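*Asks:* give me a model of this one.
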Amino acid sequence: MRVEETKAEQVKKEYIAKRKGECYDIYLQEKKNWSNVKDFNYSETRDICIVKYKSDEPAKSKEKCGEIIKNTSEMGDYLRDMIFDSYVNCLENWFSKEF
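*Replies:* Coordinates of the predicted model:
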């Protein structure tokens, strides 16, 4: 049984490494196309690439951004991951596109 678990873990690690590489490639392409590209992240929880862009909208206060993450302790990992990403975007005055 342990060999099967180890093999499954290895397959998962290889998949994640592949997806992170793809995400980085998407980030580089977006950076070539847009001057406001600031960062990127691969979310293992949601299996998506997130590219972040500087927003032209006025920045919100830290308190206003804090409202986004209220009551997240009662949520599942998937939703919590999405909300935390929105919170960081709010603090940094960024917006995201998911690939």
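
*Asks:* okay, now the unreliable bits of the protein?
*Replies:* Counting by pLDDT under 70, the chain has low-confidence residues at 1.

*Asks:* tell me which stretches of it form strands.
*Replies:* Ranges of strands in the chain, per DSSP state E, are 37-43, 48-54, 94-98.

*Asks:* hey, where'd the helices end up in the protein?
*Replies:* Along the chain, the stretches classed as helices by DSSP state H are 2-33, 62-66, 77-92.

*Asks:* gap between the last one and the chain center?
*Replies:* Distance of helix 77-92 from the chain centroid (Cα atoms, centre = their mean, to the nearest Å) equals 8 Å.

*Asks:* what helices and strands are in contact with it?
*Replies:* If contacts are counted by 3 or more Cβ pairs under 8 Å, 6 or more residues apart in numbering; DSSP states H and E, helix 77-92 sits against strand 37-43, strand 48-54, helix 62-66, strand 94-98. Bear in mind the C-beta positions are built from the backbone N, C-alpha and C, glycine included.

*Asks:* still on that earlier bit, let me have the strands of the chain in JSON lines, adding mean neighbour count and distance to residue 9 as columns.
*Replies:* Shown next, in JSON lines, are the strands of the chain (neighbours: other Cβ atoms under 10 Å; distance: least, Cβ to Cβ, whole Å):
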{"stretch": "strand 37-43", "mean neighbour count": "18", "distance to residue 9": "18"}
{"stretch": "strand 48-54", "mean neighbour count": "20", "distance to residue 9": "21"}
{"stretch": "strand 94-98", "mean neighbour count": "16", "distance to residue 9": "26"}
